[in-house]
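**Q** Just the structure for this:
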Amino acid sequence: MQTTKIDRANGVSTIVHLDGDGNLVTGTVQDCTPIIEQNKILRREGMVGTSEMRHAGRAPMVLVEKFCNERGITFQEFSNGEHHKIAFLNSPEFAACRIWEGKV
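**A** Numbering: from 1, shown residues only. Have a look, this model is predicted:
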């Protein structure tokens, strides 16, 4: 069994594990706390942008990846599909990613 952790500059790490049966298992980890805490501060301070340009939210990449996996879509589909981003931002499951709390 062998495990390798690949750290990226953005705080996201990829874990690659080869188990005893020769299966390759990968995963992504990220400490989401700094982003979620900053979102809380911006929301509390009312730093939500203007009526013309709202700052709807900021999301850790692992939560976007989780959303994509749950919906069976690729990150490219998420990035290119406005309806996917809207569904993510309006989802109660990812409410901690929101800064402006109005409906997107």
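**Q** and the closest residue to Thr3 other than its chain neighbours, which of the three is it?
**A** Distances taken as C-beta to C-beta, 6 or more residues apart in numbering place His17 nearest to Thr3, at 4.6 Å, with adjacent residues excluded. For glycine as for every other residue, the C-beta is placed from the backbone atoms N, C-alpha and C. Under DSSP: H, G, I helix; E, B strand; the rest coil, His17 falls in the strand class.
**Q** my guess is His17 meets Lys5, correct?
**A** No: between His17 and Lys5 there is no contact, the gap being 9.6 Å when judged by C-beta atoms under 8 Å.
**Q** out of these two, which sits in the busier spot?
**A** His17 (14 against 10; other C-beta atoms under 10 Å).
**Q** is the more buried one in a bridge, and if so with what?
**A** Assessed by DSSP bridges, His17 has beta-bridge partners Thr3, Val25.
**Q** what's near enough to touch it?
**A** Met1, Gln2, Thr3, Thr4, Leu24, Val25, Thr26, Gly27 (C-beta atoms under 8 Å, 6 or more residues apart in numbering).
**Q** any idea how far Val29 is from it?
**A** Remark: distance between His17 and Val29 (C-beta to C-beta, to the nearest Å) = 12 Å.
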